[in-house]
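Asks: Got a predicted structure plus its sequence, pasted below:
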Amino acid sequence: MPDRVSPVAVEPAFWRGRRVLLTGHTGFKGAWLALWLQVLGAEVTGLSDGVPTSPSLFALARVEEGLARHVLADIRDPEALNQAMTDARAEVVLHLAAQPMVRRSFAEPRLTYETNVMGTVNVLDAVRVAGAGSVRAVVNVTSDKCYDNRETGRPFVEEDCMGGHDPYSSSKGCAELVADAYRRSFFCDPDGPRVASARAGNVIGGGDWGADRLVPDIVRAASAGTPIAVRNPEAVRPWQHVLNPLSGYLLVAQELFAGSPVDRGWNFGPAQADVQPVGWIADRLTQLWPDALDWRLDPGPHPHEAHVLSLDSTQAQERLGWRPRWDLARALESIVAWHLAERAGEDLRAVTLGQIEEFGRS
Ligand SMILES: NC(=O)c1ccc[n+]([C@@H]2O[C@H](COP(=O)([O-])OP(=O)(O)OC[C@H]3O[C@@H](n4cnc5c(N)ncnc54)[C@H](O)[C@@H]3O)[C@@H](O)[C@H]2O)c1
C-alpha cells in the first residue's frame, strides 16, 4: 500500500446524503457515531436488537430523531439483515453490533460467538447477497482484544496473530478472520463492496452505562454516593475518547469508497502516554469529580484479564493522517462535563452534539 502524503479529513461533503447502515446504533459507540453522522448529513439506517442499557445515550440524546430508519432486528437473523440492507440501499456499512463484554462472555460464551462471529458473517453475507449493487465500503469493528496477547508488553501491529484467551476476545479474533476470508473471496472487485476492520479498545466518553466498565462504574458510584469498586487496578489499557476511533472508522470508510487500498485491518489507539493503569484512571476521575469520591479494590474473584494491552497505530497515522485528537486528559474532562450536564438536567442531545463539534475543531 503506498504511503499517503496528505492527511485525510472527515469530509462533510462525502457524508452529506450518504446512505449508511449502522449496526449497534443504540449502544454507547453506535449512538455517538449515529449523532456524528447526523451532523454530517448522512441518511442513517440504524439496526440493533434493542437498547442495551437504561439510561442510555441513545435515549437521552434522542438519537432516533435524526435517523432515516430505526430497525429493531437481531444480527443472528440473516433474513432480517438482508431485508434491512435492501431497504436501506446502503452505500456504507458500519458494523458495531456485538456482545461486547468480557465478563458476560464467560457466562454466555455461545451467545457471544453467535453474535460476534455469526453476526459478522450475516452482516457480510447480507452485503454479498443484498448489498452488492449499492455497498462500496464496509467497516467491521472488532477490538484491540482480537490479538493473541502473549503479554510481551509490545504494542500490537496489524500483522500480529489473532487470538484471545476469553470468549469475547477470541470471538473478535474470529470476526477478523471472517472479514479477511470475505475480503479475499467476495470483496476483491475494485468496483464492488470492500471491507476493512477497525481495532480499538478501552473507549471512554460521556453516556456509557455498560456493565463492568470502569468509567460507567465510577459514574454509577458517584450518583449513588457509594465507594467505587475497582477490579485489576494494575491492568494497563489504551484509553481514549470514543470520538478518536470513530473518526478513524469514518476515514477508512471514505477511503474504501474512493477505491484506495485500505481494505485491511487498522489499529486506532491512543498515544503511548495515554496507555495507563486502571487505578490511574480511577484516581484522575475521582480528582476531577466535584464531590468527594473514593475507590477501593474489588478483591474478586475476577475472570482472567490481560495485564498489558496497547496498540501501535503508526499505520493509521502514516497512511490516513489519523491522530487521536483528544488526549486522555481532554477525554476525562469531557466525561465529567457530560455527566455534570446530565445531573443539571441539561439537553443531552445539545451537549453531545456540542462535544462532537468541539472535537471537529481540535
Ligand atoms: N466500548 C469499548 O471500550 C469497546 C472496545 C473495543 C471494541 N468495542 C466494540 O465496539 C462495538 C460497540 O461497542 P459498545 O461499547 O458501543 O457496546 P454496547 O453494548 O454499548 O452496544 C452494543 C450494540 O450492539 C447491539 N447488539 C448486541 N447484540 C445484538 C444482536 N444480536 N443483534 C443486533 N444488535 C445487537 C446492541 O443493541 C447495541 O446497539 C462492539 O463491536 C464492541 O465489541 C468496544
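Replies: Noted; the coordinates are in hand.
Asks: how many neighbours does Arg110 have?
Replies: 9 (other C-beta atoms under 10 Å). Every residue, glycine included, has its C-beta placed from N, CA and C.
Asks: Can you check the pLDDT for the nearest residue to Asp283 once chain neighbours are set aside?
Replies: In this structure, Asp283 finds its nearest non-sequential neighbour in Trp295, 7.8 Å apart by C-beta to C-beta, 6 or more residues apart in numbering. Predicted confidence (pLDDT) for Trp295: 89.
Asks: repeat for Ala200
Replies: 95.
Asks: quick one, phi/psi of the nearest residue to it once chain neighbours are set aside?
Replies: When the adjacent residues along the chain are set aside, Ala200 lies closest to Pro245, with 3.6 Å between them (C-beta to C-beta, 6+ apart). Note on Pro245: backbone dihedrals following degrees, to the nearest 10 are phi -70, psi -30.
Asks: Excluding residues flanking it in the chain, which one is nearest Gln240?
Replies: Pro270 (4.0 Å).
Asks: so what's that neighbour up against?
Replies: Listed by C-beta atoms under 8 Å, 6 or more residues apart in numbering, the contact partners of Pro270 are Pro238, Trp239, Gln240, Asn244, Pro324, Asp327, Leu328.
Asks: Swap in 7 Å and give it another go.
Replies: Pro270 makes contact with Pro238, Trp239, Gln240, Asn244, Pro324, Leu328 under the criterion C-beta atoms under 7 Å, 6 or more residues apart in numbering.
Asks: Work out for me the element it sits within.
Replies: Here Pro270, judged by DSSP states H and E, is contained in no helix and no strand.
Asks: Pull stretch 69-87 out as PDB, backbone CA atoms only.
Replies: What follows is stretch 69-87, C-alpha atoms only, in PDB (Å, rounded to 0.1, in the frame of the first residue of the first chain):
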ATOM      1  CA  ARG A  69     -34.800   4.300   9.800                       C
ATOM      2  CA  HIS A  70     -34.600   2.700  13.200                       C
ATOM      3  CA  VAL A  71     -34.700  -1.100  12.600                       C
ATOM      4  CA  LEU A  72     -35.100  -3.500  15.600                       C
ATOM      5  CA  ALA A  73     -33.500  -6.700  14.400                       C
ATOM      6  CA  ASP A  74     -31.100  -9.400  15.500                       C
ATOM      7  CA  ILE A  75     -27.800  -9.800  13.600                       C
ATOM      8  CA  ARG A  76     -28.100 -13.500  14.200                       C
ATOM      9  CA  ASP A  77     -31.100 -13.400  11.800                       C
ATOM     10  CA  PRO A  78     -29.800 -13.400   8.200                       C
ATOM     11  CA  GLU A  79     -33.200 -12.700   6.600                       C
ATOM     12  CA  ALA A  80     -33.700  -9.600   8.700                       C
ATOM     13  CA  LEU A  81     -30.200  -8.300   7.700                       C
ATOM     14  CA  ASN A  82     -30.900  -8.900   4.000                       C
ATOM     15  CA  GLN A  83     -34.200  -7.000   4.300                       C
ATOM     16  CA  ALA A  84     -32.600  -4.100   6.200                       C
ATOM     17  CA  MET A  85     -29.700  -4.000   3.600                       C
ATOM     18  CA  THR A  86     -32.200  -3.900   0.800                       C
ATOM     19  CA  ASP A  87     -34.500  -1.300   2.400                       C
END
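Asks: So which bits of that stretch are buried?
Replies: Judged by neighbour count using 16 or more other C-beta atoms under 10 Å, the buried positions of stretch 69-87 are His70, Val71, Ala73, Asp74, Ile75, Arg76, Pro78, Ala80, Leu81, Asn82, Ala84, Met85.
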